[in-house]
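> only geometry, no sequence info:
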């Protein structure tokens with residue numbers, strides 16, 4: 001994998017670059033739709049590629065391990081062949097489930113024992129096992145196994161958690177470096193910076209991760225309930241330490257405004273379930289602000305979903321029709337809304353990239369952040 005930094009904004013830390021993978025190029029900054037169990041919810045793979053214009057999607061190691069299972073994925077030739085996605089894939093490591101499934105897991109030095117949410121069976125995830133699983137899934141970018149501490153965390157807990165993540169990272173690299181990709185193309189391993197909201201821990205973790213010389217690096221442990229100002233503070237701090245010539249991935253972020261502000265801090269890659277999850281519930285993100293399509297005010301509004309025509313669906317469907325689908329509980333409603341939201345997110349990071357290259361990113365970003373948060 002190779003990262004070429006094309007331009008850094010003169011008035012911020014925003015960057016435009018290109019990540020080259022064996023499954024194609026990724027133009028940064030980029031948003032990555034979440035495909036937890038091998039599908040982006042409510043969308044066909046062809047729509048994610050052709051209408052949303054996604055360049056890379058995510059898979060979830062924990063969920064894919066449970067269903068369809070490693071035997072099926074290996075027989076298929078990896079996730080790319082299993083779901084028909086021909087572009088790059090990134091897999092998380094199950095580290096988020098260490099945070100989110102606290103009632104179903106036991107954490108120790110060796111790793112984490114999960115109790116399956118499907119049938120109650122128990123499964124041990126160690127750093128070595130996670131590397132093996134991600135090899136079988138076949139992602140272009142594999143994430144290291146980490147612990148994501150909750151917010152708020154006591155200092156000692158955050159410190160011990162960070163050191164555990166670092167020890168697990170060493171074990172991940174040991175396993176990664178002594179194994180080979182299974183399907184004939186390159187896989188990269190990204191380590192993850194932790195440290196909660198404590199500056200000294202974030203500095204220590206960022207320096208530890210930077211010293212690994214990985215092909216890319218991630219910032220974890222944010223978007224877990226902390227105020228946005230703290231998230232930005234930690235992100236800016238970590239980006240000032242991580243290598244400039246490697247892509248930076250801010251995990252689990254976020255709203256359109258969060259993404260633009262974080263791009264200004266030097267982040268290149270983003271993912272979040274918000275576009276599809278909120279879309280399924282009738283919340284639409286547009287260039288003029290946020291729409292709750294279920295509201296009565298849209299009943300007789302026959303204008304496009306987004307006045308700027310961000311998504312292909314805008315030329316086909318009006319606000320009134322989409323509201324009708326939600327009120328009638330038609331499956332097509334959540335499908336159109338999810339498609340639109342993802343297309344909007346990809347449009348937004350694409351516009352950010354264009355303005356970085358043009359040299360007027362900050363002026364554009366400040367205007368857009370205000371617009372994006374308006375409730376229409």
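Great, that's in hand. These figures come from a predicted structure and were not determined experimentally.

> which stretches of this structure form helices?
For the chain, the helices defined by DSSP state H cover 45-50, 61-66, 70-76, 79-83, 95-100, 127-137, 155-177, 199-210, 228-239, 256-264, 274-280, 319-327, 332-358, 361-372.

> lowest average pLDDT across these?
Mean pLDDT values for the helices of the chain show the minimum at helix 95-100, a mean of 80.

> show me the contacts for the residue nearest to the spatial centre of the chain.
Of all residues in the chain, the one closest to the mean position by CA atoms, centre = their mean is residue 271, 1.8 Å from it. Counting by CB atoms under 8 Å, 6 or more residues apart in numbering, residue 271 touches 31-34, 58, 90, 249, 251-253. In short, each C-beta sits where N, CA and C put it, glycine included.

> reformat the helices of the chain as TSV; add distance to residue 12 and mean neighbour count.
Formatted as TSV, the helices of the chain follow (distance: least, CB to CB, whole Å; neighbours: other CB atoms under 10 Å):
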stretch	distance to residue 12	mean neighbour count
helix 45-50	30	16
helix 61-66	34	22
helix 70-76	41	14
helix 79-83	35	19
helix 95-100	29	20
helix 127-137	34	22
helix 155-177	28	18
helix 199-210	19	19
helix 228-239	10	19
helix 256-264	4	24
helix 274-280	23	21
helix 319-327	34	19
helix 332-358	9	22
helix 361-372	5	16
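
> between the ones you listed, which one is closest to residue 183.
Proximity to residue 183 (CB to CB) singles out helix 79-83 among the helices of the chain, at 7.8 Å.

> mind putting the helices of the chain in JSON lines, distance to residue 115 included?
Listed next are the helices of the chain as JSON lines, based on distance: least, CB to CB, whole Å:
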{"stretch": "helix 45-50", "distance to residue 115": "31"}
{"stretch": "helix 61-66", "distance to residue 115": "11"}
{"stretch": "helix 70-76", "distance to residue 115": "19"}
{"stretch": "helix 79-83", "distance to residue 115": "25"}
{"stretch": "helix 95-100", "distance to residue 115": "11"}
{"stretch": "helix 127-137", "distance to residue 115": "16"}
{"stretch": "helix 155-177", "distance to residue 115": "20"}
{"stretch": "helix 199-210", "distance to residue 115": "29"}
{"stretch": "helix 228-239", "distance to residue 115": "31"}
{"stretch": "helix 256-264", "distance to residue 115": "32"}
{"stretch": "helix 274-280", "distance to residue 115": "24"}
{"stretch": "helix 319-327", "distance to residue 115": "36"}
{"stretch": "helix 332-358", "distance to residue 115": "30"}
{"stretch": "helix 361-372", "distance to residue 115": "40"}
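
> residue 190: which of the ones you listed is closest?
Nearest of the helices of the chain to residue 190, taken as CB to CB: helix 199-210 at 9.1 Å.

> work out the gap between stretch 293-309 and the centre of the chain.
Here the centre of stretch 293-309 is set off from its chain's centre by 29 Å, with CA atoms, centre = their mean, to the nearest Å.

> got the buried residues for it?
For stretch 293-309, burial by neighbour count (16 or more other CB atoms under 10 Å) applies to 293, 298, 301, 304-306.

> can you give me the end-to-end distance of that stretch?
17 Å (CA to CA, to the nearest Å).

> and for stretch 211-228?
Stretch 211-228 has its terminal residues 28 Å apart, counting by CA to CA.

> same question for stretch 78-98.
Span of stretch 78-98 from end to end, CA to CA: 24 Å.

> what of stretch 90-99?
Using CA to CA, the span of stretch 90-99 from its first residue to its last is 19 Å.

> likewise stretch 83-94?
Terminal residues of stretch 83-94 are spaced 20 Å apart (CA to CA).

> buried residues in that stretch, which are they?
Neighbour-count burial for stretch 83-94, counted by 16+ other CB under 10 Å, picks out 83, 85, 87-94.

> show me the contacts for residue 155.
Residue 155 neighbours (CB under 8 Å, 6+ apart): 198, 201.

> state the distance from it to residue 31.
As defined by CB to CB, to the nearest Å, residue 155 lies at a distance of 33 Å from residue 31.

> pretty sure residue 21 is touching residue 1, no?
Yes - if you go by CB atoms under 8 Å, residue 21 and residue 1 touch, sitting 5.5 Å apart.

> any shared contact partners between those two?
Taking CB under 8 Å, 6+ apart as the criterion, residue 21 and residue 1 both touch 140-141, 186, 188.

> of those residues, buried ones?
Among these, those that count as buried by neighbour count (16+ other CB under 10 Å) are 140-141, 188.

> just give me the closest of those to residue 356.
The nearest member of those to residue 356, counting by CB to CB, is residue 141 at 22.2 Å.
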